[in-house]
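Participant: show me how the following folds:
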Amino acid sequence: YNGLIHKKAVGVVENPNRKGFTVVYKKAKATNKPSKNQVRRSFKAGARRSLHKIKRLLRANHYRPDLAKATLRRASAVLRSQRPIKAKKPKAAAAKT
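Facilitator: A predicted model of the protein is given here:
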């Protein structure tokens, strides 16, 4: 998945405020201008809505299905890492007889 060689590359990074994620992808028309070919798009809506938007974006831009699948998995992992951790209840001490 070398991003410099291929015309189309896509990546997912977490937003700095830990709310949602950003998809970074390349414009195929600007392959010879590396400074202008990167597009950053932020997704802050709910998880299902954001994942559906990514799927639509990648399908509309004719990305390879395996790259799309990997992108969705990465976005899901980022969203999962942002969930609050549930506090575990302490185990009760064994009853003495």
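Participant: where does the prediction get shaky in the protein?
Facilitator: For the chain, the stretches with pLDDT under 70 are 1-4, 97.
Participant: switch to 90 and redo it
Facilitator: Applying pLDDT under 90 to the chain flags residues 1-10, 16-18, 26-39, 45-46, 61-67, 83-97.
Participant: SS state for the residue nearest the centre of the chain?
Facilitator: Among the residues of the chain, the one closest to the centroid is residue 75, at 2.5 Å (CA atoms, centre = their mean). Following DSSP: H, G, I helix; E, B strand; the rest coil, residue 75 is assigned to helix.
Participant: surely it touches residue 12?
Facilitator: Yes. Assessed by CB atoms under 8 Å, residue 75 is found in contact with residue 12 at 4.8 Å. Every C-beta, even on glycine, is put in place using the N, C-alpha and C of the backbone.
Participant: intersection of neighbour lists for these two?
Facilitator: Overlap of the contact sets of residue 75 and residue 12 (by CB atoms under 8 Å, 6 or more residues apart in numbering) consists of 21, 23.
Participant: how about the strands in this protein?
Facilitator: 10-14, 21-26, 38-43 (DSSP state E).
Participant: other SSEs contacting the last one?
Facilitator: Contacts defined by 3 or more CB pairs under 8 Å, 6 or more residues apart in numbering; DSSP states H and E place strand 38-43 against strand 21-26, helix 47-60.
Participant: next one: the second one
Facilitator: Helices and strands touching strand 21-26, as assessed by 3+ CB pairs under 8 Å, 6+ apart, comprise strand 10-14, strand 38-43, helix 47-60, helix 65-81.
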